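*Asks:* Sequence and predicted structure are below.
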Amino acid sequence: FEGLAPMARPVQIEVWNPNGKYRVVSTKAMPGTRWINLLIEQDCRVEICTEKKTILSVEDIVSLIGNRCDGVIGQLTEDWGEVLFSALSRAGGKAFSNMAVGYNNVDVNAANKYGIAVGNTPGVLTETTAELAASLSLAAARRIVEADEFMRAGRYDGWLPNLFVGNLLKGQTVGVIGAGRIGSAYARMMVEGFKMNLIYFDLYQSTRLEKFVTAYGEFLKANGEAPVTWRRASSMEEVLREADVISLHPVLDKTTFHLVNKESLKAMKKDAILINCSRGPVIDEAALVEHLRENPMFRVGLDVFEDEPYMKPGLADMKNAIIVPHIASASKWTREGMATLAALNVLGKIKDYPVWSDPNRVEPFLNENVPPPAASPSIVNAKALGLPVSKL
Ligand SMILES: NC(=O)C1=CN([C@@H]2O[C@H](COP(=O)(O)OP(=O)(O)OC[C@H]3O[C@@H](n4cnc5c(N)ncnc54)[C@H](O)[C@@H]3O)[C@@H](O)[C@H]2O)C=CC1
Ligand SMILES: O=C(O)C(=O)CO
C-alpha cells in the first residue's frame, strides 16, 4: 500500500495485518474480534476508522476509501449513494456491507450501476430486536419509566390504589404491522409470554406464525385455559382499530413512509400502545407528538426517530412516551454476529465466493467453533448482479 496518493483529508484509522493482500475498511470499530480474525486469515489488511465523530460524512468516507480499496463495511447512519459507490468502484472495490439488516440508507441502484455487491445482516438480530420491542411494550403498559422517575425524585410516600395504574396484557390483542422475521418473533413472544390474541398485517401470509399460534391455542385449551387466537387483517386500519398494543416491523420504503399518520393515529383506541423498532419515518412523528398531547392515556415506545438522532419538538416532554436511542439490536451476541456477517459479506465477494442460498438461515456463519462456509451470507442485490448461489 506504499506509494498511494495521500488521502484528500486525513481520517484517523487503526490498521490490522498491514501486509494483507486485500484492503478492507470498516467505517466504525465493531464489537468482538472474530470479524477481524476472519478477514486477516484470508489475507486482508483491515483498516478501522477511529475518528471520534459519531456519524461520518460522505467526504470522510471518500477519504477512507482512498485510491485502492477492495471492500467497505459501513453503518446505517451513512449515506451510501452515487458518490460513495463511484468512489469505491474507482478504488477497485467490489463489495459493501451495511452492519444492519435494514438498508434504506443504501441506494442499491447506484451500487448495481458500479457492479458492487451490497450486504446486510439478517437473522442474527431477530430475537434481540423483538425482545426490545417486547420490553418497550411492557414498559409502556406498566408505566415503568414514569414510575422510576417518580421514585428517584423522592415522591413515593406510600402505596395507593391509584398509583401508576396501567394495562393488563393477558387476554388483550397484540397487533403486528410487518410480520417478517422480527415482527413474527415479537408476535410469538407476546402471544406465548402474555397470552395475547394476535392480529397482523403484512403483504405476505406468515404461515409459520399462524401455525404457531394455532398450536399454542390448542395447547392452552387442552390444559383447560382460554385459547389464544390469530387473524390476518386485510388492511392495516383493521389492526389499528382492533389491537391494544401495536408494534411496527416493516422495512422502510415508499410504501411504509408515514404509514402511521394523523388519520391512522385517530383510528387507534384511545388507550392503545404503539411501539416502533423499525425505522423512524414509518411514523409521522410531528402528528404523533400532537396525538400524545391530546390523548394522555395513549402510550408509545420508540427506538427510532424520524430525523434521527434528533426528535421532533415536544416529544421529549411527553410523559406517555418511552424513548431509547436505537438500541433494539444491542445485545453482545447479536452485535458481534452482525459484525461477522458484514465482514463475511465483503470477504465473500472479494474472494468470488457464491452467495448463501437462504439469508434466513445464517447460523452456520455464527458458529465460532468451525470455519464459516465459503459464501457471502446475505447480498441484497445478488440477483441484479447475477451472482452465483451457493449449493451448500
Ligand atoms: N431498531 C433497530 O435496531 C432495528 C430495526 N430493524 C428494522 O426492522 C426491519 C424489519 O427487519 P426484518 O424483520 O429482519 O425484515 P423482514 O424483511 O423479515 O420483514 C419485513 C416485513 O415487512 C413487510 N412489509 C413490507 N412492506 C410492507 C407494508 N407496506 N405493509 C406491511 N408490511 C410490509 C414485508 O412483507 C416483510 O414481511 C428492517 O428493515 C429494519 O429497518 C431491524 C433490526 C434492528
Ligand atoms: O439492523 C438494523 O436495521 C438496525 O437498525 C440496527 O440493528
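*Replies:* On my side now, so go ahead. Ligands and ions are numbered 1, 2, ... in the order given.

*Asks:* right, and residue 213 touches residue 199 too?
*Replies:* No: here residue 213 lies out of contact with residue 199, judged by Cβ atoms under 8 Å, at a distance of 10.6 Å. Using the backbone N, CA and C atoms, a C-beta is placed for each residue, glycine as well.

*Asks:* Quickly list what's touching both of the two.
*Replies:* The overlap between the contact sets of residue 213 and residue 199 (Cβ atoms under 8 Å, 6 or more residues apart in numbering) consists of residue 230.

*Asks:* was I right about residue 15 contacting residue 50?
*Replies:* No: using Cβ under 8 Å, residue 15 is not in contact with residue 50, being 10.2 Å away.

*Asks:* can you list the residues of this protein near ligand 2?
*Replies:* Residues of the chain lying near ligand 2 by Cβ under 6 Å from any ligand atom: 76, 100-102, 125, 329.

*Asks:* switch the cut-off to 8 Å
*Replies:* 76, 98-103, 120-121, 125, 129, 279, 304, 326, 328-330, 334, 338 (Cβ under 8 Å from any ligand atom).

*Asks:* quick one: pLDDT of residue 392?
*Replies:* Residue 392 is assigned a pLDDT of 75 by the prediction.

*Asks:* list the contacts for it?
*Replies:* With contact set as Cβ under 8 Å, 6+ apart, residue 392 has these partners: 356-357, 364, 373, 375.

*Asks:* Now a ChimeraX select for only the buried ones of these.
*Replies:* Command for ChimeraX that selects the buried part of these, burial taken from 16 or more other Cβ atoms under 10 Å:
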select :356,373,375
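
*Asks:* among the contacts of residue 392, which are within reach of ligand 1?
*Replies:* Answer for the contacts of residue 392 near ligand 1: none qualify (Cβ under 8 Å from any ligand atom).

*Asks:* In strands, which of the residues of the chain next to ligand 2 appear?
*Replies:* Assigned to strands by DSSP state E, the following of the residues of the chain next to ligand 2 qualify: residue 98.

*Asks:* and the residue of the stretch 201-350 of the chain found nearest ligand 2, how many residues sit next to it?
*Replies:* Of all residues in the stretch 201-350 of the chain, residue 329 sits closest to ligand 2, with a separation of 3.2 Å (Cβ to the nearest ligand atom). A count of neighbours around residue 329, defined by other Cβ atoms under 10 Å, yields 25.

*Asks:* Would you mind giving me the confidence score for it?
*Replies:* For residue 329, the pLDDT comes out at 98.

*Asks:* dump the residue contacts of residue 131.
*Replies:* For residue 131, the contact set (Cβ under 8 Å, 6+ apart) comprises 189, 331.

*Asks:* at 6 Å instead, please
*Replies:* Contact analysis of residue 131 by Cβ atoms under 6 Å, 6 or more residues apart in numbering lists nothing.

*Asks:* ok, now how distant is it from ligand 1?
*Replies:* In this structure, residue 131 and ligand 1 are separated by 11 Å, where distance is defined by Cβ to the nearest ligand atom, to the nearest Å.

*Asks:* From residue 202, how far off is that residue?
*Replies:* As judged by Cβ to Cβ, to the nearest Å, residue 131 and residue 202 stand 20 Å apart.

*Asks:* is it possible to export the contacts of residue 392 to CSV including pLDDT and secondary structure?
*Replies:* Converted to CSV, those look like this (pLDDT from 0 to 100; DSSP: H, G, I helix; E, B strand; the rest coil):
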residue, pLDDT, secondary structure
356, 97, coil
357, 94, coil
364, 96, helix
373, 97, coil
375, 98, coil
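
*Asks:* Can you tell me which of the contacts of residue 392 lies closest to residue 312?
*Replies:* Minimum separation from residue 312 among these (Cβ to Cβ) is found for residue 356, which lies at 39.5 Å.

*Asks:* Surely the closest one touches residue 375?
*Replies:* Yes: Residue 356 lies in contact with residue 375 (Cβ atoms under 6 Å); the separation is 4.4 Å.

*Asks:* can you list residues touching both of the two?
*Replies:* Common contacts of residue 356 and residue 375 (Cβ under 6 Å, 6+ apart): residue 390.

*Asks:* Setting aside sequence neighbours, what's the nearest residue to the residue in the chain that ligand 1 sits nearest to?
*Replies:* In the chain, the residue found nearest to ligand 1 is residue 180; the distance is 1.8 Å by Cβ to the nearest ligand atom. Leaving aside its chain neighbours, residue 180 sits nearest to residue 249 (6.4 Å; criterion: Cβ to Cβ, 6 or more residues apart in numbering).

*Asks:* quick one: that neighbour from residue 170, how far?
*Replies:* Residue 249 is 22 Å from residue 170, where distance means Cβ to Cβ.

*Asks:* what about these two, which has more around it?
*Replies:* Relative neighbour count places residue 249 above the other of residue 249 and residue 170, with 26 against 10, counting by other Cβ under 10 Å.
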